[in-house]
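task: produce atomic coordinates for the following.
(one chain, ligands or ions: 1)
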Amino acid sequence: MKTGRLTDFSKLCIHTITTKPWKIEEAAENFSKAGVKGISVWRETLVGRDIMKTGELLRSNGLEIVSLVRGGFFPSISSGKRKKVIEDNRNAIEEAASLGCPMLVLVCGADPAQSLEISRSQIKEGIRILLPYAEEYNIKLAIEPLHPMYADTRSAISTLSQANDLAEYFNSPLVGVAVDVYHLWWDPDLEYQIKRCGANGHLFAFHICDWLSPTEDMLNDRGLMGEGCIPVGKIRSWVEKAGFTGFHEVEIFSTKHWTEDQYQFLKNIKKAYLENS
Ligand code: ZN
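Numbers count the residues shown, from 1 in each chain. Just a heads-up that it's a prediction; the model follows:
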């Protein structure tokens with residue numbers, strides 16, 4: 001399929017984790033100078049800061065705050081841990097509200113000590129408990145399905161079909177899905193599921209990076225768009241056809257890229273965004 005080339009940075013958002021060596025203040029300044037328009041904030045970058053003031057700082061740098069990352073991790077064999085994690089998710093919703101950020105990304109979690117079915121039912125229960133709180137603060141919850149290699153501990157939700165089922169079950173304008181090419185590119189059902197997600201108004205976010213071959217680390221070896229084998233532009237065209245008009249969020253965990261000069265890395269991100277996204 002032919003894809004319209006990206007010609008500017010008006011939809012470019014970068015996750016703070018992508019340039020992990022930078023403090024959030026540095027990321028704000030450097031993203032802004034580079035013409036990046038959106039920022040997704042990882043919660044650890046907010047530790048020890050006045051969150052409202054940090055939100056103001058990001059906006060004063062011309063950045064739109066796209067999402068707060070991350071809540072979730074609902075399942076556990078221990079009911080005490082499940083209760084604790086609900087508290088943490090409530091805190092995350094409050095942090096999003098203080099930051100002036102409309103959306104919290106949910107990495108839903110899993111516990112290898114119990115079945116995936118039980119983990120999935122605990123995810124459903126976790127979102128059910130959290131939803132009134134999200135409504136109170138008007139924060140969207142974006143369920144992010146993760147690649148099945150993470151089904152042991154990070155997410156019992158592995159496909160977009162499962163995430164769509166869950167979002168449709170809640171049938172709320174505040175419960176939707178984050179589509180991340182890294183997690184979903186292999187799925188033969190992807191085009192259809194993206195269409196379904198968009199048709200229901202559940203397509204909340206679009207995350208991009210690339211799958212390196214070989215992948216040397218299951219977590220921290222993601223590539224820049226064009227370095228691997230994901231047809232990012234093709235998937236973007238499906239997302240756009242499904243009605244998505246939001247930001248393209250560059251989310252890269254990479255021990256290799258984190259050791260590079262982050263200014264040069266940012267330049268490379270912009271180049272890869274235009275040429276390979
Ligand atoms: Zn993601």
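
tell me the pLDDT at the nearest residue to Trp238 once chain neighbours are set aside?
Among residues not flanking Trp238 along the chain, Ile194 sits closest, at 4.6 Å (Cβ to Cβ, 6 or more residues apart in numbering). (C-beta placed from N, C-alpha, C; glycine too.) Per-residue confidence at Ile194 stands at 98 (pLDDT).

again, but for Gly4
Note for Gly4: predicted pLDDT of 84.

doesn't it fall inside a helix?
No. Per DSSP: H, G, I helix; E, B strand; the rest coil, Gly4 lies outside any helix segment and is coil.

from the ion, how far out is it?
Plainly put, Gly4 is 23 Å away from the ion if you go by Cβ to the ion, to the nearest Å.

surely that residue and Lys241 touch.
No. Using Cβ atoms under 8 Å as the test, Gly4 is too far from Lys241 to be in contact (10.9 Å).

quick one: which of those two has more around it?
Neighbours per residue (other Cβ atoms under 10 Å) separate Gly4 from Lys241, with Lys241 holding more: 13 against 9.

quick check: the nearest residue to that one once chain neighbours are set aside vs Val179, distance?
Of all residues beyond its chain neighbours, the one nearest Lys241 is Lys195 (7.2 Å), with distances taken as Cβ to Cβ, 6+ apart. As judged by Cβ to Cβ, to the nearest Å, Lys195 and Val179 stand 11 Å apart.

could you pull up the residues touching Glu94?
Counting by Cβ atoms under 8 Å, 6 or more residues apart in numbering, Glu94 touches Tyr137.

now it, what's its secondary structure?
Quick answer, by three-state DSSP: Glu94 is helix.

sorry, back to before: Lys195 and Val179: which has the busier surroundings?
Between Lys195 and Val179, counting by other Cβ under 10 Å, Val179 is the more crowded of the two (30 against 16).

looks to me like the more buried one is in a helix.
No. Per three-state DSSP, Val179 lies outside any helix segment and is strand.
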